[in-house]
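In: give me a 3D structure for the following:
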Amino acid sequence: MFINASPRAFVTSCFMLLTLLSCALCAPVSAVMQRDIWVPQITSPTSASKWTVGGTFLVTWDTSSKPARVSNPIGEIYLRQEDRMGTNPIASGFELSSGQTKVTVPDDTVPGEYMIVLFGDSGNFSEEFPIVAAT
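Out: Here you go, the predicted model:
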């Protein structure tokens, strides 16, 4: 087997290695590293709340721990019962930094114990609370 040990081959190999290394180091990792995950605590509804099918209610969350840079500032809210989450949001397109949004419980919601799931920068859950049938 022949190995080219000339100085020119060595310099060329070093140049190529440095070029590849510089390309790898220039990848846009810094933008990913600057993202902060924000998990605001849902403050309403609580376990003391009682919602009604078809009713409109205010969902609130704590914004005091909001980082300077939120990776996804637009929120969605879903209803969750046990380990099943609704397929359609009951609210969407609102700013997470607002700390609140109104939601309407869909008319086809089966009464029972539910949680609110707030999505945006991450997903988090409210306390479990009852949704009862309209009277």
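In: any low-confidence regions in the chain?
Out: Filtered on pLDDT under 70, the chain yields the residue ranges 1-5, 9-36, 121.
In: what sits against the residue positioned nearest the centre of the chain?
Out: Nearest to the mean C-alpha position of the chain, by Cα atoms, centre = their mean, lies residue 122 at 2.3 Å. Shown in contact with residue 122 (Cβ atoms under 8 Å, 6 or more residues apart in numbering): 37-39. All C-beta spots, glycine's among them, are computed from the backbone N, C-alpha and C.
In: residue 72 is in contact with residue 120, correct?
Out: Yes: Residue 120 lies in contact with residue 72 (Cβ atoms under 8 Å); the separation is 5.2 Å.
In: where do the contact lists of those two overlap?
Out: Common contacts of residue 120 and residue 72 (Cβ under 8 Å, 6+ apart): residue 96.
In: between those two, point out the one with more neighbours.
Out: For residue 120 versus residue 72, the count of surrounding residues by other Cβ atoms under 10 Å is larger for residue 120: 23 against 14.
In: quick check: chain neighbours aside, which residue is closest to that one?
Out: Distance criterion Cβ to Cβ, 6 or more residues apart in numbering; nearest residue to residue 120, sequence neighbours excluded, is residue 75 at 3.9 Å.
In: one more: residue 99?
Out: Using Cβ to Cβ, 6+ apart, the nearest residue to residue 99 is residue 63, at 4.3 Å.
In: and what of residue 112?
Out: Residue 112 sits nearest to residue 81 (Cβ to Cβ, 6+ apart), 5.8 Å away.
In: and the closest residue to residue 45 other than its chain neighbours, how far is that from residue 92?
Out: Once flanking residues are discounted, residue 45 sits nearest to residue 129: 4.6 Å by Cβ to Cβ, 6+ apart. To residue 92, residue 129 is 21 Å away according to Cβ to Cβ, to the nearest Å.
In: just want to know which of the two has more residues nearby.
Out: Neighbours were counted for residue 129 and for residue 92 using other Cβ under 10 Å; residue 129 has more, 18 against 15.
In: who touches the more buried one in this structure?
Out: 45-51, 113-115 are the contacts of residue 129 under Cβ under 8 Å, 6+ apart.
In: of those residues, buried ones?
Out: Among these, those that count as buried by neighbour count (16 or more other Cβ atoms under 10 Å) are 45, 49, 51, 114-115.
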